[in-house]
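Novice: Need a 3D model of the following:
(3 chains)
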Amino acid sequence: MSEYFWLIPFFPAVSSLILVIFGRWLPKKYVSIQAPLAVFLSFLFGLKAFLSLNQSHLETEGPALVKTLFSWIHSGQFQIDFTFWFDPLTAVMVLVVSGVGFIIHVYSVGYMAEDRSYTRYFSLLNLFTFAMLLLVMSQNVVLMFVGWEGVGLCSYLLIGFWFEKPAAASAGKKAFIVNRIGDAAFILGIFFLIINLKTASFPEINHALLSGQVSPALATLIGLLLFIGATGKSAQIPLYVWLPDAMEGPTPVSALIHAATMVTAGVYMVSRFNLLYSYSSAASDVIAIIGALTAVYAGTIALTQNDIKRVLAYSTISQIGYMFLGCGVGAYAAGMFHLYTHAFFKSLLFLAAGSVMHALSGELDMRKMGGLKKYLPLTYPTFLIGAITIAGVPFFSGFFSKDAILTQCYAQGKYLLWALGLVGAVITAFYMFRLIFLTFHGQERFSAEVRHHLRESPPVMTIPLIILAFFSVVAGYVGLPVVFGHNLNWFEQFLEPVIKGKAEAHLTLSMEWLLIIVSVAVALTGIALAYLLYQKSPLLPHQLVRRFPRFYRLLLNKYYVDEIYEAAFVQPLVRGSEAIYYGFDLPVIDGAVNGSARLTAFFGRILSLFQTGQVRDYALIFLIGVALILGLVIF
Amino acid sequence: MAEKMAAFLFFLFAIVSLAAIMGMIFSRHQAHNALFLAVAFTALGGLFALLNAPFIAAVQIIIYAGAIMVLFIFVIMMIDLRQPLPAAKKRWIYWLGAGLMIVVLTELLFVLRSLPSVNSSAEPDFGSPRALGQILFTKYLYAFEITSILIVAALVGSLYLARRKEKD
Amino acid sequence: MPPASFFILSCVLFSMGGVAFLIKRDLITQFMAIEIMLNGANLALVAAAKLWGSLAGQVLVFFVITVAAAEAAVGLAIILLIYRQKKNIRSEEINQLKG
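Specialist: Predicted coordinates:
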């Protein structure tokens, strides 16, 4: 049955189509079953395909599961087909997307139960799943780009799901436009790739790279262009600005698209092109530097935010920075590992936050929460597990994946990046536990009205939380570091056939232990600081703010980057467009169109002068015609 | 001799008709115009006769000079035409038109240069009522019948149009 | 008599009818001018019938005369109506279809 793996993207596609066409007449209960079921079927098929992956076959001949559905573009020598394949890298992505996607679909049944556009929501969520699966299962970069654009579209549609809210509508627009800027670079990268390598399919690209057809300069150019596209899709510096705004969308959307799947597409892409990036140290360095910088930068902003979802959004940006850091130093398996664990704990965090909001009748501001521990007996522990995991506490999955990245940084000799990673880890632990303390501990700062409606979420929402919490804990055990024994990193070994461009580096066992201890120390420091500031002496944060008001404001206002972009890019474009509109479009183009109408009217008016209503005049004109025609005939 | 006679008659009738029409053009009184026209039609009838079309000549005189002109005169009588016409505006354009007509005339005459000068009509009863009737009731029967319907329609139409309206 | 002269005469008649139509300013006389033009055509037809020895020309003239009569009846009725409406028959004043 694994030869039917190519059906994986089509289950959600068909489901989405059915919901779009017939949605109006389908009962809610039916939709609640069909939409998640479609994703579950994708997961099952993915699982079967995963189990059928044969290691030795992959090493020698590449993936066994390849299926071309039809020949798509055929131009002379150049051909692009609609081809799916299933190799280990794809397997990781498919299982994550369909697995976590399924859980989030189930959660959404509860969360969106009272929304009046219930069916539209699920049709879009299914459509997104289809596009994402298309992205990760495509065998060539052009088909991948189709999926890339598709998820961007669904992101826009889902962020602006409540489009009657102006904030949501403009957030959707912002996401799409910023993404588009990245996509422009991505397309350029594809063009350069196709022009120089005459192919777009991954196996052929790798073949060309191995046979020396690609100069480092070309690899750098293509790599950088593709990466710029990734900064847009995966919200890194400089194109991350859409992700915090994207929190206007429903919380499950934030969990699925802006935590677990779409934003990780950039990481997948870089991993897919690992051989290309290994040929360009410049591009890889850029990726690593931007990843590290983004990790710290976004973390600092998360420190001061009061909106619970904004904190998580900046946290996502920061964590993806770690993934790119891993890929940038050549540790693609580590980057993918973090992608995999992050999918679990970040979606857990978002869904749990959604549960909190649901319980508090939609409150987002942490300043109006507090002491929820005793009211939410299921949400609190799962949220806490998520926080512990992301902070990097040992034996939870986040620790294994983050540590893998940082160890590889150090092993490659990139000490500065490693240090930045550590700084980011402290900040991460700190802001995460700040969130925990503010939300669940301390004084209750919400109104009596909210208190009245406060209750734990229904099982359809809490069971997914429990499942995700479970995976957040255990998922890391597939990638044990060397200190626990050699060859226990099954994750890395699994991805071995695909990651041809990885960087080799080895450290002594004692060095590895040292690095682990440093990571743990850093995590615990962050937690302790948070405890100090928010539990033990809650007045301390306010004092700090008073001492450094400008610094605080800078962080709170996200370094004013949105305002800078607005002034530097948006306003000039708007003014320029207005100038062109008033200066050219209206007078010249409208003028031409209106002018031709006026010209016609003018000629009509002239001609109407001949219509005097008098028979004699008409006879005269007759006569002129007769004279002319006779003359023509005779002479 | 017959030739001379024919030529003389031709010129006679031609001059009469032309003179009558000139008179019609130059005269200002509608009644005079009508009478001039009647004379012209009669002369034309004579011309038809010269052309071996006796039946047509008779029809021309009876219908045209007799019926149509009488209709004209009836209408002229019913209309009060004593008011003089006001000063004409933009008269020049119509003189231009008249000149244009001369141009058309010239063009038409040009056409005539390529006319064959065959002089047939051998049958003795060419144009006689018998010959005409024969062809009318066989080959051109449809046209004949339809024309009669046309006449009825014109009759009813003009009766209806010109009726006196009741004053209510 | 050469047939050409008949044709010349018919052309002259036709043109004079046209001239009369353009110059005159009252409806009745203009209508009469039209009748002249018709007659010019009739003359040409009859001459042609003789020239080519076909009675079709005369038959056509027969019909032309008939139709002219019908037309004259209806036309004059209309002129009467116009007179009743406007109390004169100046063709210059009939311009309701202007523009």
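Novice: residue nearest the centroid of chain B?
Specialist: residue B:41 (5.6 Å; C-alpha atoms, centre = their mean).
Novice: show me the contacts for that one.
Specialist: Residue B:41 sits next to B:60-61, B:64-65, B:69, C:39 when contact means C-beta atoms under 8 Å, 6 or more residues apart in numbering or on different chains. Yep, even glycine has a C-beta here, placed from its N, CA and C like the rest.
Novice: Put the alpha carbons of the helix or strand where residue A:631 lies into CSV.
Specialist: Residue A:631 is part of helix A:615-634 when elements are defined by DSSP states H and E. Presented in CSV, the C-alpha positions along helix A:615-634 are these (Å, rounded to 0.1, in the frame of the first residue of the first chain):
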residue,chain,number,x,y,z
VAL,A,615,-36.2,66.8,-46.6
ARG,A,616,-34.5,69.1,-49.0
ASP,A,617,-31.2,68.8,-47.2
TYR,A,618,-31.4,65.1,-47.2
ALA,A,619,-32.2,65.1,-50.9
LEU,A,620,-29.2,67.3,-51.4
ILE,A,621,-27.0,64.8,-49.7
PHE,A,622,-28.6,62.0,-51.7
LEU,A,623,-27.7,63.9,-54.8
ILE,A,624,-24.1,64.4,-53.8
GLY,A,625,-23.8,60.7,-53.3
VAL,A,626,-25.4,59.9,-56.6
ALA,A,627,-23.1,62.3,-58.4
LEU,A,628,-20.0,60.8,-56.7
ILE,A,629,-21.0,57.2,-57.4
LEU,A,630,-21.9,57.8,-61.0
GLY,A,631,-18.7,59.7,-61.5
LEU,A,632,-16.8,56.8,-60.0
VAL,A,633,-18.5,54.3,-62.2
ILE,A,634,-18.1,56.2,-65.3
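Novice: which helices and strands does that helix pack with?
Specialist: Judged by 3 or more C-beta pairs under 8 Å, 6 or more residues apart in numbering or on different chains; DSSP states H and E, helix A:615-634 is in contact with helix B:92-111, helix C:3-23.
Novice: which SS class is whichever residue of the stretch 501-635 of chain A sits closest to chain C?
Specialist: Of all residues in the stretch 501-635 of chain A, residue A:613 sits closest to chain C, at 3.2 Å by C-beta to the nearest C-beta. Recorded secondary structure, residue A:613: coil (DSSP: H, G, I helix; E, B strand; the rest coil).
Novice: Give me the pLDDT for the residue nearest to the centre of chain B.
Specialist: Note on residue B:41: pLDDT of 95.
Novice: What's the local residue count around residue 14?
Specialist: Defaulting to chain A. Around residue A:14 there are 16 other residues, counting by other C-beta atoms under 10 Å in any protein chain shown.
Novice: meant chain B actually
Specialist: Residue B:14: 22 surrounding residues under other C-beta under 10 Å.
Novice: On the pLDDT front, check the spatially closest residue to it that is not a sequence neighbour for me.
Specialist: Spatial nearest neighbour of residue B:14, excluding adjacent residues (C-beta to C-beta, 6 or more residues apart in numbering or on different chains): residue C:9 at 5.4 Å. Residue C:9 carries a pLDDT score of 91 in this model.
Novice: which residues does residue C:9 contact?
Specialist: Residue C:9 makes contacts with B:14, B:47, C:43, as judged by C-beta under 8 Å, 6+ apart.
Novice: Now for the first one, which secondary structure element holds it?
Specialist: Right, the one you point to is residue B:14. Using DSSP H and E, residue B:14 falls in helix B:2-26.
Novice: Now the helix holding residue A:631: buried residues?
Specialist: The neighbour-count check on helix A:615-634 (16 or more other C-beta atoms under 10 Å in any protein chain shown) flags A:615-617, A:619-620, A:623, A:626-627, A:630 as buried.
Novice: do stretch A:266-281 as well
Specialist: Buried-residue list, stretch A:266-281, by 16+ other C-beta under 10 Å: A:266-280.
Novice: who wins for most neighbours among the contacts of residue B:41?
Specialist: residue C:39 (29 neighbours).
Novice: Does that one touch residue C:16 like I think?
Specialist: No: between residue C:39 and residue C:16 there is no contact under C-beta atoms under 8 Å: 10.6 Å.
Novice: residues making contact with stretch A:451-461?
Specialist: Under C-beta under 8 Å, 6+ apart, the answer for stretch A:451-461 is A:106-107, A:109-111, A:351, A:354-355, A:358-361, A:372, A:375-379, A:444, A:446, A:462.
Novice: about what we covered before: secondary structure element for the residue nearest to the centre of chain B?
Specialist: Following DSSP H and E, one finds residue B:41 within helix B:30-50.
Novice: Send me that helix as PDB with only the CA atoms.
Specialist: In PDB, the C-alpha atoms belonging to helix B:30-50 read as follows (Å, rounded to 0.1, in the frame of the first residue of the first chain):
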ATOM      1  CA  GLN B  30     -49.400  76.000 -57.200                       C
ATOM      2  CA  ALA B  31     -52.500  75.900 -59.400                       C
ATOM      3  CA  HIS B  32     -50.500  77.100 -62.300                       C
ATOM      4  CA  ASN B  33     -47.900  74.500 -61.600                       C
ATOM      5  CA  ALA B  34     -50.500  71.800 -61.600                       C
ATOM      6  CA  LEU B  35     -51.800  72.800 -64.900                       C
ATOM      7  CA  PHE B  36     -48.400  73.100 -66.500                       C
ATOM      8  CA  LEU B  37     -47.700  69.600 -65.200                       C
ATOM      9  CA  ALA B  38     -50.900  68.300 -66.800                       C
ATOM     10  CA  VAL B  39     -49.800  69.600 -70.100                       C
ATOM     11  CA  ALA B  40     -46.300  68.100 -69.700                       C
ATOM     12  CA  PHE B  41     -47.800  64.700 -68.900                       C
ATOM     13  CA  THR B  42     -50.000  64.900 -72.000                       C
ATOM     14  CA  ALA B  43     -47.000  65.600 -74.100                       C
ATOM     15  CA  LEU B  44     -45.200  62.700 -72.600                       C
ATOM     16  CA  GLY B  45     -48.100  60.600 -73.400                       C
ATOM     17  CA  GLY B  46     -47.700  61.600 -77.000                       C
ATOM     18  CA  LEU B  47     -44.000  60.600 -76.800                       C
ATOM     19  CA  PHE B  48     -45.000  57.200 -75.500                       C
ATOM     20  CA  ALA B  49     -47.200  56.800 -78.500                       C
ATOM     21  CA  LEU B  50     -44.400  57.600 -80.800                       C
END
